[in-house]
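**Student:** Need a 3D model of the sequence below.
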Amino acid sequence: MLASRRRALVFAVNLGSFITILDISIVNVALPTMQAALRIDMAGLQWVVDAYALFLSAFMLSAGPLGDRYGRKRSWLAGVVLFTIGSAFCGLADNLPLLLAGRAVQGVAGALLIPGAMSLLTQAFPDPAERARAIGLWASCNAISLIVGPMLGGLLVAHFSWQSIFLINLPVGALAIALGAWGIQESAHPEHAAFDPAGQALSVVWLGALTYGLITAGEHGWQAPATIAALAVAAIGLVAFLWVEHTVARPILPLGLFRDAGFASTNFASFVMGFGAYSSLFFFSLYLQHVRGLSPLEAGWQLAPQFVATGIVSTVFGRLNPRFGLPRLMIAGYGMVGAAMLGMMSFDAHTPYALSGSLMVLLGLGMGLAVPATSMAVMATVPRERSGMASATMNALRQTGMTIGIALLGALMSGRAVDHLAAALARLGQADARAVARVAVTQHALPAQPDGVAALFADALADGFHAAMAGAGVASLLAALLLLWVTRGARPVLRAA
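**Tutor:** As a prediction, the model looks like this:
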C-alpha cells in the first residue's frame, strides 16, 4: 500500500473513532438543556444515553463477522455513513422519539466503527513495530476524544444549541468517508465469519427489555406491571440467547471462553467498568447542573480533570506495565475507581472544587490504569487466533455494563430522591407529597409552593446521587477483590499476563 494511502487510512480511522467515542461523553453535559427544550422526564434522559449504548453493545459482537464476511472497508464505510446520518437525525430532532431513533442509528454505526478500526489498522500495517505505532496513535485519539467531549459539549451548548453537539459530526464524518474511500483497501475472510442472526436478535431483545424494565422501575416503581413484564421478557430472552449461543455452530459469543477463570474475571471487570465509571458521566452531569446549579460549560470544565488524568496515565501505561505487571495495575485501578466513587457520596450543593476535583482526578487515574490493563489481560487469556472475538466480547460487555448502569443506578437515584423529597414536602404540609415529589424528580417540574422547594429538590437529588455512587463504588471494589482472588488466590491464572 502506498504511504500516502496509509496516511489517509490512519487519518480516516482516527476521525471515525473520534466521533464515535466523542458521542459517549459529549452528550451528558447537554442533558439538562435537552430536558428543558424537549420537555422530557428522567426516563427520557436515560434513554438518550442508553439508546446509543444499548445498540452499540448489542451489535458490537456482530460487527467483526460482518467485516469478515462482506469486506472490512465496506463495513467501516457503512458505519461512518450511518453515524453521520444518525447525527443528522439527532441534530434535526424536535421531539424525543426522533432523537432516540438517531441515537439508535448512531449506536449501530458505532458498533461497526470501534472494532472495525482495529481490524483495518492490523491489515494495513503487517510490520509489528509500525502496527504498534498506528494502534498507539489510535488509542491516543480515543483518549483525546474523551477529554475534549465534556468541554466541547459545554462550549457548544453555551454558545449555540444542544443540537450542535450532533451536527458537529457531519463535516467530520464527510471527511472520514472521503479519506477512507480513497485510502482503505478492501479485505475479507468470509470463511472465518460467524453467522448467528438468532443470537443477534435475542441480544437486542433481552438487553432492550432489561434496560426498559430498569428505567421504568425508576419512574413507576418495581411493582409496576410494565416493570415486571419487561424484566420477565429480559429473563426469558437472556435464557434463550444463552441457549442459542450454546447450540449454534458459529456463535457471536462463544461461551466456552468463559470456562477460563482469567477470561471470565477480566470480562466481568470490564462489565463493572462500564457499569460504574462509564455510566457515572450521566450522574455527574445531573449533579453538577441540577444540584450545584452550574451551566453546561462550567459542568464540562468541572469534569475535565477526570479525563485529563485518564489521558496522562494512558500515555505512560507502557512504562508502568513492565514494572508493576497487569494484575497489580488492574487491582489498583478498580480500587481507585471504587474509592473515588464512595468518596463522592459526600457531595452536596456546596462541595468545594478542591474536593470534587481531587476525586475526579482519582477516578481518572483509576480508569487510566484499569481500562488498558483489563484489555491486555483479556487478550493474554486467549490464543492469538481468538483475539478478535475476545476484544469484541470485552468491549460489548463494557458497553452493556454502561447501559445497565445508567438504567439501574438511575432507578436507585430516582427512587432515593423521590423518597427524600416526599418526606421533606410532607413535613411542610404538602398535599399528595409523594406524587408531587415524583413529578419534581422525574420531570424536573417543581411546585410553586412551599417556599424553598428548589433547595429541597437539590438536597433530594444529591441524596439520589449518593445512592448511585454507592452502587457504582461497591461494584468497582468487588471487581478489585475478585481480581485479587483470581491473581493471588487458589487459581492464579493471570500471573503471567
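
**Student:** Look up how far residue 246 lies from the spatially closest residue to residue 264 that is not a sequence neighbour.
**Tutor:** Of all residues not flanking residue 264 in the chain, residue 258 sits nearest, at 4.6 Å (C-beta to C-beta, 6 or more residues apart in numbering). C-beta coordinates here come from the backbone N, C-alpha and C atoms, glycine included. Note on residue 258: its distance to residue 246, by C-beta to C-beta, to the nearest Å, is 11 Å.

**Student:** Then residue 180?
**Tutor:** From residue 180 to residue 246 the distance is 37 Å (C-beta to C-beta).

**Student:** Who has more neighbours out of these two?
**Tutor:** Legend: neighbour count by other C-beta atoms under 10 Å for residue 180 and residue 246, higher for residue 180 (22 against 12).

**Student:** counting contacts, what elements does the helix or strand in which residue 32 is found pack onto?
**Tutor:** Assigned by DSSP states H and E, residue 32 belongs to helix 31-38. Counting contacts by 3 or more C-beta pairs under 8 Å, 6 or more residues apart in numbering; DSSP states H and E, helix 31-38 packs against helix 42-70, helix 96-124, helix 280-286.

**Student:** Show me what secondary structure element comes after the last one.
**Tutor:** The element immediately downstream of helix 280-286 (helix or strand, assigned by DSSP H and E) is helix 296-324.

**Student:** what's the angle between that following helix and helix 31-38?
**Tutor:** Going by axes from the mean of the first three to the mean of the last three C-alpha atoms, to 10 degrees, helix 296-324 is angled at 140 degrees with respect to helix 31-38.

**Student:** how far out from the middle of the chain is the helix or strand just after helix 296-324?
**Tutor:** Scanning forward in sequence from helix 296-324 by DSSP H and E, the next helix or strand is helix 326-343. A distance of 18 Å separates the centroid of the chain from that of helix 326-343, by C-alpha atoms, centre = their mean, to the nearest Å.

**Student:** Just the CA atoms of helix 326-343, as CSV, please.
**Tutor:** The C-alpha coordinates for helix 326-343 follow below in CSV (Å, rounded to 0.1, in the frame of the first residue of the first chain):
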residue,chain,number,x,y,z
LEU,A,326,-1.1,-6.2,34.8
PRO,A,327,-2.6,-7.8,37.9
ARG,A,328,-1.4,-5.1,40.2
LEU,A,329,-2.3,-2.3,37.8
MET,A,330,-5.8,-3.7,37.3
ILE,A,331,-6.4,-4.2,41.1
ALA,A,332,-5.1,-0.7,41.8
GLY,A,333,-7.2,0.8,39.1
TYR,A,334,-10.5,-0.7,40.1
GLY,A,335,-9.7,0.1,43.8
MET,A,336,-9.1,3.7,42.9
VAL,A,337,-12.3,3.9,40.9
GLY,A,338,-14.3,2.4,43.8
ALA,A,339,-12.7,4.7,46.4
ALA,A,340,-13.3,7.8,44.3
MET,A,341,-17.0,7.0,43.9
LEU,A,342,-17.5,6.2,47.5
GLY,A,343,-15.9,9.5,48.3
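
**Student:** Output the below-cut-off pLDDT ranges for the chain.
**Tutor:** 1-2, 64, 67-68, 128, 131-132, 136, 187-195, 384-388, 445-452, 489-497 (pLDDT under 70).

**Student:** Break it down into its structural domains.
**Tutor:** 1-193, 253-497 (automatic domain parsing).

**Student:** hmm, back to that, between the helices and strands packed on helix 31-38, which one is closest to residue 455.
**Tutor:** helix 280-286 (16.5 Å; C-beta to C-beta).

**Student:** just checking, what packs against the lengthiest helix in the chain?
**Tutor:** The longest helix of the chain (DSSP state H) is helix 387-427. For helix 387-427, the elements it packs on are helix 42-70, helix 96-124, helix 197-220, helix 261-273, helix 280-286, helix 353-380, helix 433-443, helix 453-488, judged by 3+ C-beta pairs under 8 Å, 6+ apart.

**Student:** Check which helices and strands the helix or strand that the second one is followed by sits against.
**Tutor:** Read it as helix 96-124. Once the chain leaves helix 96-124, the next helix or strand it forms, by DSSP H and E, is helix 128-159. Secondary-structure packing of helix 128-159 (3+ C-beta pairs under 8 Å, 6+ apart): helix 3-25, helix 96-124, helix 164-167, helix 296-324.

**Student:** any chance of the ones you listed in TSV, with distance to residue 238 too?
**Tutor:** Listed next are the helices and strands packed on helix 128-159 as TSV, based on distance: least, C-beta to C-beta, whole Å:
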stretch	distance to residue 238
helix 3-25	25
helix 96-124	19
helix 164-167	32
helix 296-324	32
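
**Student:** what does stretch 346-363 contact?
**Tutor:** Residues outside stretch 346-363 that contact it (C-beta atoms under 8 Å, 6 or more residues apart in numbering) are 277, 280, 287, 291-293, 302-303, 305-306, 309, 336-337, 339-341, 343-344, 455, 458-459, 462, 465-466, 469.

**Student:** Please convert the buried members of those into PyMOL selection syntax.
**Tutor:** Buried residues among those (16 or more other C-beta atoms under 10 Å), as a PyMOL selection:
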select buried, resi 277+280+287+291+292+302+303+305+306+309+336+337+339+340+341+343+344+458+459+462+465+466+469
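
**Student:** just to revisit the earlier point, to residue 81, which of the helices and strands packed on helix 128-159 lies closest?
**Tutor:** That would be helix 96-124 among the helices and strands packed on helix 128-159, by C-beta to C-beta, at 7.8 Å.

**Student:** Now do the closest one and helix 128-159, the angle between them.
**Tutor:** Using the same axes, to 10 degrees: helix 96-124 against helix 128-159 is 160 degrees.

**Student:** re the thing from before, so what angle separates the directions of the longest helix of the chain and helix 353-380?
**Tutor:** Going by the same axes, to 10 degrees, helix 387-427 makes 150 degrees with helix 353-380.

**Student:** Now tabulate the helices and strands packed on helix 387-427 in TSV and tack on distance to residue 90.
**Tutor:** Below are the helices and strands packed on helix 387-427 laid out as TSV (distance: least, C-beta to C-beta, whole Å):
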stretch	distance to residue 90
helix 42-70	9
helix 96-124	4
helix 197-220	19
helix 261-273	26
helix 280-286	17
helix 353-380	26
helix 433-443	22
helix 453-488	25
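
**Student:** Of those, which is nearest residue 89?
**Tutor:** helix 96-124 (3.1 Å).

**Student:** I'd like to check the angle between that closest one and helix 42-70, please.
**Tutor:** 30 degrees.

**Student:** list the buried ones in helix 96-124?
**Tutor:** 96, 99-100, 102-124.
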